[in-house]
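Asker: turn this into a model:
(one chain, ligands or ions: 1)
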Amino acid sequence: MTAALVASLQGLDVLLCEKSGQVGGTGSTSAGTLWIPGNHQSRRAGFDDSAERAEQYLDALVGSPINRDLRTAFLKTGPIAIDYLEENSDVRFLPCGRHPDYRSNMKGAAVAGRAIVPQPFDGRLLRADFPRVRPPIPEFMVFGGMMVGKADIGPLIGRFKSAANFGHAAKLFVRYVLDRTRYPRGTRLVMGNALVARLFYSLRKRGVEILFDAPITDVAFKAGRVFGATIRRAGKEINVKARKGVVLATGGYAHNRRFREAFMPRPAPVHSLSSEFNQGDGLAIGERLGARIAPEEHGHSGLWSPVSLTTRSDGSKGLFPHLMLDRAKPGLIAVNSAGERFVNEAVSYHDFVEAMFEANAKVPSIPCYLICDATFIEKYGLGVVYPGMRKLSALLKSGYLKRDDTLEGLAARIGIDGHGLRRTVARYNGFARSGIDIDFGKGETELNRFNGDESHKPNPCIGPLARAPFYAVEIWPADIAVSTGLSTDINARVLDKDRQVIPGLYACGNDMASPMSGSYPGPGTTLGPAIVFAYRAAMHAAGKASSQ
Ligand SMILES: Cc1cc2nc3c(=O)[nH]c(=O)nc-3n(C[C@H](O)[C@H](O)[C@H](O)COP(=O)(O)OP(=O)(O)OC[C@H]3O[C@@H](n4cnc5c(N)ncnc54)[C@H](O)[C@@H]3O)c2cc1C
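Answerer: Model (predicted):
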């Protein structure tokens, strides 16, 4: 959508083809955060940062030589692309302020100023097009259709604690009730839904042609260049000529079993939070043309989140991503089948799952379990249990939540080693007293503490598991994005196996091999580069390429 919008703004004729009946893909169900070091929105809010510092960080995290040209181009263009969208369309962003990088203890990492989020959007502006925006996952909405952004969580939970909180919560609720008299869900859009809706609104305003239910199935290639695309429409194939180029942005390979088996760690994770329409179509097209797929080494293929498996009201399966609400809070541990901890529970969602893969090579750790006590679940919630939720019977009955009066009993219910769990909790409770986790260092980094409870002492991320009953929820790895994709140059032009450009063919988003090579530096690691390289692709197609 970004590539289409920028190309249109540059005066090109654009056709946007969407496989499903709705725009947005995984992006519309995402948190919508963009990692854009040096962005001007944060600068104006007083947060200082520079591309040089971010480059230092990425060199340390990703490893200098790999994709360095892409990362340099990303850092240089990030703020420019964001300003361009703001100045020329209805896409708008807000600075997140404090939102630490995910390896906040590494050189060059920042605690604030690199993440931006889309401004909330009024879905009513889309009128009859509103249902064309793919909704968020039900697990991210309350009352069956009201979106809740990060900034809304505090006021909603503490709605009776202050007049300001009550006012905020009441306003959201009244708007939602009114919305539901006319719309299938709330129209106050936040996070990824706001981003997608803003892009869609801008595209509509410019009159860009959008075909729904129209997947790209192939590209036309002759005399060494791509000059068109084949689109399936109502059971027929149509051939479209492309004077300037074709941009593959089909969301990556998450729902393609062959690619999952080929690229992901073994055994390949079975759960995915990616849109079900993302079936590796772009990658398959590139593969047929002899494109290089990167990274070539096995294992850096996904960006992960731990998830618990929910049963939705219609009986279907849901995945709840444990991104930032529970794992870092004091009084929760993650254990494997031996009842032992294997990770600092407060690391990023990506690093948590990487630790699951690593631990699983020695002791069965997939699934693993988050364990807490009665005090914790009442105060902080656990997965789909939100803080202060009293009625747990439905979740206990469905098996989402397991509960027992003793740790041994809980271990028996989830089928892990009870002695191991008891030993682990006793040791961890000692760390809660000293405030120092000598095993995994929970609470030591800015990121840990950011998601912890700063009012909890001495360590905002460690508290005892002491008051029965005890609770457990089962955790699986799931991809939120993929990083293996089509290798490109700095203008998102797809490269062949000899690293030569395939003229006329571009890739961005998850179809493009991640410039971070499977690392996850900070909040917005996939959408940031997705938007920046879409911008660069469109500018290149329009003949305005930058040499850096
Ligand atoms: C819960 C959650 C939270 C997340 N939060 C963040 C975050 O805050 N920041 C961040 O950076 N990342 C986040 N992500 C990851 C991010 O959403 C994805 O990396 C991103 O959306 C990928 O963008 P994309 O354009 O490649 O794919 P998508 O957003 O999935 O879009 C791909 C589109 O292509 C369509 N399509 C598929 N095949 C075809 C075809 N053959 N022809 C035409 N159309 C096709 C799909 O239907 C879809 O609409 C999150 C993910 C999840 C699940």
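
Asker: which residues touch the residue of the stretch 201-350 of the chain found nearest the ligand?
Answerer: As assessed by Cβ to the nearest ligand atom, the ligand sits closest to Gly251 within the stretch 201-350 of the chain, at 2.9 Å. Glycine gets a C-beta too; all of them are placed from N, C-alpha and C. Gly251 makes contact with 25-26, 274-275, 277-278, 282, 509-511 under the criterion Cβ atoms under 8 Å, 6 or more residues apart in numbering.

Asker: let's go with 7 Å and repeat that
Answerer: 25-26, 274-275, 277-278, 509-510 (Cβ atoms under 7 Å, 6 or more residues apart in numbering).

Asker: got the residues you listed as JSON lines, with neighbour count, distance to Ser301 and pLDDT columns?
Answerer: As requested, these are arranged in JSON lines below (neighbours: other Cβ atoms under 10 Å; distance: Cβ to Cβ, whole Å; pLDDT from 0 to 100):
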{"residue": "Gly25", "neighbour count": "26", "distance to Ser301": "19", "pLDDT": "98"}
{"residue": "Thr26", "neighbour count": "28", "distance to Ser301": "16", "pLDDT": "98"}
{"residue": "Ser274", "neighbour count": "22", "distance to Ser301": "13", "pLDDT": "98"}
{"residue": "Ser275", "neighbour count": "22", "distance to Ser301": "18", "pLDDT": "98"}
{"residue": "Phe277", "neighbour count": "19", "distance to Ser301": "20", "pLDDT": "98"}
{"residue": "Asn278", "neighbour count": "25", "distance to Ser301": "14", "pLDDT": "98"}
{"residue": "Gly509", "neighbour count": "31", "distance to Ser301": "15", "pLDDT": "98"}
{"residue": "Asn510", "neighbour count": "31", "distance to Ser301": "11", "pLDDT": "98"}
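
Asker: adding secondary structure, write those out as TSV.
Answerer: Compiled in TSV, the contacts of Gly251 are given as follows (DSSP: H, G, I helix; E, B strand; the rest coil):
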residue	secondary structure
Gly25	helix
Thr26	helix
Ser274	coil
Ser275	coil
Phe277	coil
Asn278	coil
Gly509	helix
Asn510	helix
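
Asker: tell me, which of these make contact with the ligand?
Answerer: By Cβ under 6 Å from any ligand atom, the members of the contacts of Gly251 lying near the ligand are 25-26, 275, 277-278, 509-510.

Asker: each with direction, which strands does the longest strand anywhere in the chain pair with?
Answerer: For the chain, the strand that runs over the most residues, judged by DSSP state E, is strand 470-482. The pairing partners recorded for strand 470-482 under DSSP bridges are strand 271-272 (parallel), strand 302-311 (antiparallel), strand 368-373 (antiparallel), strand 401-404 (antiparallel).

Asker: ok so, going back, and the gap between the nearest residue to the residue of the stretch 201-350 of the chain closest to the ligand once chain neighbours are set aside and Thr406?
Answerer: Leaving aside its sequence neighbours, Gly251 sits nearest to Asn278 (Cβ to Cβ, 6 or more residues apart in numbering; 3.4 Å). Going from Asn278 to Thr406 by Cβ to Cβ, to the nearest Å gives 44 Å.

Asker: with Leu9 instead?
Answerer: Leu9 is 63 Å from Thr406, by Cβ to Cβ.

Asker: cool, Tyr176 as well?
Answerer: 42 Å.

Asker: have a look at these two and say which one is more surrounded.
Answerer: Tyr176 (21 against 14; other Cβ atoms under 10 Å).

Asker: go ahead and confirm the more buried one touches Gly186.
Answerer: Yes. The criterion here is Cβ atoms under 7 Å, and Tyr176 meets it with Gly186 at 4.7 Å.

Asker: joint contacts of those two?
Answerer: Met146.

Asker: phi and psi next, for the residue nearest to Gly251.
Answerer: Main-chain dihedrals, Asn278, degrees, to the nearest 10: phi -80, psi 90.

Asker: my read: it touches Gly25, true?
Answerer: Yes. Asn278 is within contact range of Gly25, at 6.5 Å (criterion: Cβ under 7 Å).

Asker: just the closest residue of the stretch 351-500 of the chain to the ligand, please.
Answerer: Ala481 (3.2 Å).

Asker: please name the bridge partners of that residue.
Answerer: Beta-bridge partners of Ala481, as defined by DSSP bridges: Leu303.

Asker: per-residue pLDDT, it?
Answerer: At Ala481, the model reports a pLDDT of 98.

Asker: check contacts around it.
Answerer: 252, 303, 510, 526 are the contacts of Ala481 under Cβ under 7 Å, 6+ apart.

Asker: what does Thr406 give?
Answerer: Ala468.

Asker: Cys372 versus that one, what's the distance?
Answerer: 14 Å.

Asker: can you list the residues of the stretch 1-150 of the chain near the ligand?
Answerer: Close to the ligand, as judged by Cβ under 6 Å from any ligand atom, the stretch 1-150 of the chain has residues 17-20, 24-27, 29-33.

Asker: now these: which count as buried?
Answerer: 17-20, 24-27, 29-33 (16 or more other Cβ atoms under 10 Å).

Asker: pull out the buried residues from the contacts of Ala481.
Answerer: Here, 16+ other Cβ under 10 Å leaves 252, 303, 510, 526 buried among the contacts of Ala481.

Asker: pLDDT on the longest helix along the chain, on average?
Answerer: Identified as the longest helix of the chain according to DSSP state H is helix 68-88. Throughout helix 68-88, pLDDT has a mean value of 97.

Asker: gap between that helix and the chain center?
Answerer: 20 Å (Cα atoms, centre = their mean, to the nearest Å).

Asker: helices or strands up against it?
Answerer: helix 51-62, helix 527-541 (3 or more Cβ pairs under 7 Å, 6 or more residues apart in numbering; DSSP states H and E).

Asker: what residues of that helix count as buried?
Answerer: Buried residues in helix 68-88 (16+ other Cβ under 10 Å): 70-82, 84-85.

Asker: got it, and stretch 447-455?
Answerer: Buried residues in stretch 447-455 (16+ other Cβ under 10 Å): 447-453.

Asker: which secondary structure elements does the helix-or-strand element of the chain with minimal mean pLDDT contact?
Answerer: The helix or strand of the chain with the poorest confidence is helix 150-157; it has a mean of 84 (mean pLDDT, DSSP states H and E). Using 3+ Cβ pairs under 7 Å, 6+ apart as the contact test, the elements touching helix 150-157 are helix 163-179.

Asker: now the angle between helix 150-157 and the helix it packs on, please.
Answerer: 100 degrees (axes from the mean of the first three to the mean of the last three Cα atoms, to 10 degrees).

Asker: just checking, what packs against helix 163-179?
Answerer: helix 150-157.

Asker: still on that earlier bit, and the helix or strand following the longest helix of the chain, average pLDDT?
Answerer: As assigned by DSSP states H and E, the chain's next helix or strand after helix 68-88 is strand 93-95. For strand 93-95, the mean per-residue pLDDT is 97.

Asker: which parts of strand 93-95 are buried?
Answerer: 93-95.

Asker: try stretch 436-450
Answerer: Quick answer for stretch 436-450 (16+ other Cβ under 10 Å): 436-437, 440, 442-445, 447-450.

Asker: nearest to Ala214, of the residues you listed?
Answerer: Leu447 (41.3 Å; Cβ to Cβ).

Asker: and the closest one, what pLDDT?
Answerer: So Leu447 comes in at 96 (pLDDT).

Asker: name the residues that touch the least confident helix or strand of the chain?
Answerer: Residues contacting helix 150-157 (Cβ under 7 Å, 6+ apart): 148, 165, 168-169, 172, 387-388.

Asker: distance check, the residue in the stretch 1-150 of the chain positioned nearest to the ligand against Phe200.
Answerer: Residue of the stretch 1-150 of the chain nearest the ligand, by Cβ to the nearest ligand atom: Gly25 (2.4 Å). According to Cβ to Cβ, Gly25 and Phe200 sit 12 Å apart.
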